[in-house]
Structures are given as C-alpha cells and as structure tokens.
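# just a sequence and a predicted model for now, questions to come.
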2 protein chains.
Amino acid sequence: MKPDRRPYRRESEDSRREALIAATQALVAEGGPRAATVRAIAERAGVTPGLIRHYFGSKDELSRAAYRQLIDGMTDKGADALSGVGAAPEERLAAFVAASLRPPVVDAGAVGLWAGYLHTMRADPALLAAHERGYLRYRDVLQGLIAALGRPGVAAAQMRQEAIACNAVIDGLWLEGGVLPHGFAPGELVRIGLASVGAILGTDLMAHGTFIPEIGKAPAGEGETR
Amino acid sequence: MKPDRRPYRRESEDSRREALIAATQALVAEGGPRAATVRAIAERAGVTPGLIRHYFGSKDELSRAAYRQLIDGMTDKGADALSGVGAAPEERLAAFVAASLRPPVVDAGAVGLWAGYLHTMRADPALLAAHERGYLRYRDVLQGLIAALGRPGVAAAQMRQEAIACNAVIDGLWLEGGVLPHGFAPGELVRIGLASVGAILGTDLMAHGTFIPEIGKAPAGEGETR
DNA sequence: TGTCCGATTATGCATCTGTATAACAGCGCC
DNA sequence: GGCGCTGTTATACAGATGCATAATCGGACA
C-alpha cells in the first residue's frame, strides 16, 4: 500500500549538482521561472526535492548557480571558435561573429533562459555582476579582434564604440533569431551579421569568410522576401 | 471589529481596465511575472482582486492585454518620432533611430517587462502573433525609411537584409542599454546607433542629424573608456 | 423618493510552493 | 559482521495563489 519508496541511489556531489543545474536550466528555458519549482526540478533530475536544499541550501542558491553557468557557457562558446582558425585578423573576426550567430548560441532555449533570469539578475547584485562580467568579457574579445585588424588612423575610443555596435548587432540577431526562429532562412543570420559587422568596421568580412559554411552559396535573393 | 470595508467607488470600464493593465505592467517590470499576483495587481490598481475576474475573466487574459499594450506602445513611440520632422529621408531615418534609443523606449522597466513576458508569449500563439506583428511592423517602417534614401543600384532583397541588420543594432542597444544603464554615457547609445546604421547603409546619418540633441557636442573621448 | 440592477467587495476553497525536519539506507571502517 | 556516518527520501507545515461565489453598496431610472 505504501507508494513505493524511490530506490536509494548514491551519486557523487559533482554529478548531483550538475544534474540539478541542468534540470533547472531546462525547465526555465521551456516554461519560464515559474515552471522551475523545487518539485519539478527534482523530478527531472531524478531525485527528491530535499536534495536541492542539501546541495544548494535553497532554491535561490540553485538559481544563481544555474544563471552563472549559462553566462559562462555562452561567452565560452564564442571564444572557443577562435581556436583552430588561421591567424589572419579578418578570418578570426569572421569566425567569431559566425560562431555567435548559429546554434547552439542562437537557440530558443538560451534566449528563454536568459530572459527568465533577467529579473532575478537585476534583483541580485551578485548576478548582475556576473552578467556585466560576461558582457564585458565578450566585448573585450570583440574589441581585441577589431584592434587586430590594424586599420590605420583608428583611435581606441572609436574602437570602443565599434565594439559596442558590433556587439549590439550580434545581440539583436541572437535575440530575434531565438524568438522567431522561423523568420529567418538558414544561415541568413550569419550572413547578415558578417555583412553588418564588416560595414561598421569598413572591412569586407564576406570576402575573408569563404571558409565559413554559410558563405559561398546563394548570395542574394534566397528564400522568403519577408 | 470588522476590518473596515474598502469604500465602494464606481468607475468607468475603460478607467478600470487601464488601471489594471498599468498595475500589471508595473509589477512585471519591477519584479517579474512572479510579482504580478492577482492580489498585488488589485492592490496597486486600488481595487479588490475580484475585479480582475470581472473585467478580464482570468489573470491570463489580463496578462495578454498587458503584453499587447506593451508591444503596441513600443512600436508606436518609434513611429511618433516621424511626425514633426522634415521631409529629407536621412533626417527622417535619423530621427526614427534616435527616438528608439532613448527613454522612454530604452528603459529598464520596458526591457524587464518584455523579458518577463517572453515565456508567456511563446506558450500562447496569440501573443506570439502579437510579437511578430509588432516586430514586422517596426521593421517595415525601417525598411520604408531605408528605401526612401533612394540609393541607386540597391535591390529590394538587399534592403530587407539591411533592415534586419539595422533592427538588430537597435534591438541590441536597446537591450544592453536597459540592462546596464550605467554602462553607457548619456547620448552614447544614440550616437552609436546613428553611426552604425549609417555605416550599414553607406550613408552619413551623423551629418544629417544635427537637429538631434545628442549630436553636436563631445564627439569623441567623452566619459568612461570602458 | 423608492426600487432594482449591476459594479464592487469580502469570504471561502482547493492547490501549489518552499522549507524544515524526521526517517531511512547504503557504504566504509574496525 | 556489526555499526556509525551521511547522502537521500518521505512527511509535515505555514503561507501564497488563482478562482469561485456570496454579500453589499451606489446610482440610474421611474
């Protein structure tokens, strides 16, 4: 008659923390912060709610950990694209921009997760700092790639504004690409991003991005016109 | 002994609906969807929770109305900037971009409100349609202004991509400006937006935007360098 | 002025949420 | 092989939430 007790299974601390964080992120991405209740998180992670308190102390603490991991993961993926690409500055910049504008960075779940945590972030100075740190880290990488272009007569102050602008293009495309995935043809975000960043910097990134899969075919008039 | 009944006050239907929607938006903007409970909304609107059901049927219905009003209001404000400006295409485009990059459009509350509703929106086809409609309406206005520039040899397909790119710059600046307001000097977003949109379109909007308050003083090296 | 209709309020209720605490079970150690 | 330590589960609980319904009051209309 007893509702059969869950089998007792012992796991490592890292494994449990990871599972709980992954479950939290998945639930927030799918249904917003409201769907990420302690019971739902525990069920998806395959444990009972008590473990959340045991490993994180409270649900808020778990939320913070999940948000921090999201931010770190997003900025890491952009930087990862730089390894394994040539030394030409234009190529490196093009690879960086392209990597930021296709999955898994451009993803409905990631946008949803980020949006879901926006309020938590603003209310919590530690999380706000995490966001700012991630944002500036990404922008610094971008600004470094811009500086490496070696354009004569471009001051540092101007490069800062260019970095903000390029970052904004990428952010905006990331946002709408995640919210309205069907509104853009495959590869279109990458092409638009490369063209825009190139225009802002006065460099033809498309010409230097022939190694990028999205470049090279159907340069104009593809697919939907709206 | 009775906890003193709230004074009975009769109001028009429009007034009540407006008050409830405004209260909902304010609460979501401040503390996320979680803070917008029926009791909190009613209290801020100066009524009792029952009126929500009376006027909107359910809390979900009220949420939908609040989101729709946000979307309509945001796109309206951009279009409003076009009235009262000259007929020169560059001037009109510059005014439109500038209006989208300063308060009340760039505002922490607006970003928070939008983010708070992202999941509600995705789960509700009607709200998703409202978002898409608002987005495309805004982009169409932008594309119309771009087409009015009358640049020779620019095809319609290219103008679509330019409109997406310019929209992305504005969205990205709107986003970070709302999330990290202290990260940018006053007027910096407007200047960066005008410079970037101009670069993407191959037109010097700064030269045509002398009537814009943010233009004309401190063109370089102002304020913080990071 | 009296009366009735509807806007508004107050109360009740089932459900859910986060947390605290007690009970339990597998592993390592002697 | 018995036994404690601790990771894990189960239960309890106070408060919140959305919704339904009954009670009440103000004004319009005759």
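Now that the structure is in, tell me what you want to look at.
# secondary structure element holding the spatially closest residue to A:Ile21 that is not a sequence neighbour?
Spatial nearest neighbour of A:Ile21, excluding adjacent residues (Cβ to Cβ, 6 or more residues apart in numbering or on different chains): A:Ala66 at 4.9 Å. Every C-beta, even on glycine, is put in place using the N, C-alpha and C of the backbone. Assigned by DSSP states H and E, A:Ala66 falls within helix A:59-80.
# now that helix: buried residues?
A:59, A:62-71, A:74-75, A:78 (16 or more other Cβ atoms under 10 Å in any protein chain shown).
# that helix near DNA strand D anywhere?
No: Helix A:59-80 lies apart from DNA strand D when judged by Cβ under 7 Å from any atom of the strand; the minimum separation is 13.0 Å.
# also stretch A:6-23?
Yes: Stretch A:6-23 reaches DNA strand D (Cβ under 7 Å from any atom of the strand) through A:6, A:8-11, A:13, A:16.
# poorly predicted segments of chain A, please.
Applying pLDDT under 70 to chain A flags residues A:1-3, A:216-226.
# on that earlier part again, which elements pack onto the helix holding A:Ala66?
Helices and strands touching helix A:59-80, by 3 or more Cβ pairs under 8 Å, 6 or more residues apart in numbering or on different chains; DSSP states H and E, are helix A:13-31, helix A:38-45, helix A:50-56, helix A:89-100, helix A:108-116, helix A:118-123, helix A:125-147.
# so A:Pro186: helix, strand or coil?
Per DSSP: H, G, I helix; E, B strand; the rest coil, the secondary structure class of A:Pro186 is coil.
# domain parsing of chain A, as residue ranges.
Per the record, chain A has its domains at A:11-57, A:66-208, by automatic domain parsing.
# so how far is the first one off the chain centroid?
Pointing back at domain A:11-57 there. Distance, stretch centre to chain centre, for domain A:11-57: 21 Å (Cα atoms, centre = their mean, to the nearest Å).
# ends of that domain, what's the gap?
Criterion Cα to Cα, to the nearest Å; first-to-last residue distance in domain A:11-57 is 18 Å.
# is it anywhere near DNA strand C?
Yes: with Cβ under 7 Å from any atom of the strand as the measure, domain A:11-57 is seen reaching DNA strand C through A:36-40, A:49-50, A:52-53.
# for chain A, which residues are neighbours of DNA strand D?
Contact residues (Cβ under 7 Å from any atom of the strand) of chain A with DNA strand D: A:2-6, A:8-11, A:13, A:16, A:47-51, A:54.
# nearest residue to the middle of chain A?
Nearest residue to the geometric centre of chain A (Cα atoms, centre = their mean): A:Met74, 3.4 Å.
# you'd agree that residue is up against A:Gly134?
Yes: assessed by Cβ atoms under 8 Å, A:Met74 is found in contact with A:Gly134 at 6.9 Å.
# what is the helix or strand harbouring A:Glu162 packed up against?
A:Glu162 belongs to helix A:156-179 when assigned by DSSP H and E. The contact analysis (3+ Cβ pairs under 8 Å, 6+ apart) places helix A:156-179 against helix A:89-100, helix A:108-116, helix A:125-147, helix A:188-201, helix B:156-179, helix B:188-201.
# out of these, which comes closest to DNA strand C?
Proximity to DNA strand C, assessed across those by Cβ to the nearest atom of the strand, is greatest for helix A:108-116 (12.7 Å).
# say whether chain B is contacted by the closest one.
Yes: judged by Cβ under 8 Å from any Cβ of the partner chain, helix A:108-116 comes into contact with chain B through A:108, A:111-112, A:115-116.
# and what of stretch A:87-98?
No: applying Cβ under 8 Å from any Cβ, one finds stretch A:87-98 separated from chain B by no less than 12.2 Å.
# just how off-centre is that stretch within its chain?
The chain centroid and the centroid of stretch A:87-98 are separated by 18 Å under Cα atoms, centre = their mean.
# and what of stretch A:185-201?
So, by Cα atoms, centre = their mean, the centroid of stretch A:185-201 is 18 Å from its chain's centroid.
# now it: buried residues?
Applying a neighbour-count criterion of 16+ other Cβ under 10 Å, one finds A:187-201 buried in stretch A:185-201.
# go through those and name the one nearest DNA strand D.
DNA strand D lies nearest to A:Leu189 out of these, by Cβ to the nearest atom of the strand, at 36.0 Å.
# let me see the contact set for the residue in chain A positioned nearest to DNA strand D.
Of all residues in chain A, A:Gly50 sits closest to DNA strand D, at 2.9 Å by Cβ to the nearest atom of the strand. Applying Cβ atoms under 8 Å, 6 or more residues apart in numbering or on different chains to A:Gly50 gives the contacts A:Ala42.
# you'd agree A:Leu142 is up against A:Ala163?
Yes: A:Leu142 lies in contact with A:Ala163 (Cβ under 8 Å); the separation is 5.0 Å.
# excluding residues flanking it in the chain, which one is nearest A:His131?
Leaving aside its sequence neighbours, A:His131 sits nearest to A:Met121 (Cβ to Cβ, 6+ apart; 5.5 Å).
# what residues are up against the one you found?
Contacts of A:Met121 (Cβ under 8 Å, 6+ apart): A:67, A:127-128, A:130-131.
# and A:Ala123, how far from B:Ala130?
With the distance defined as Cβ to Cβ, to the nearest Å, A:Ala123 ends up 27 Å from B:Ala130.
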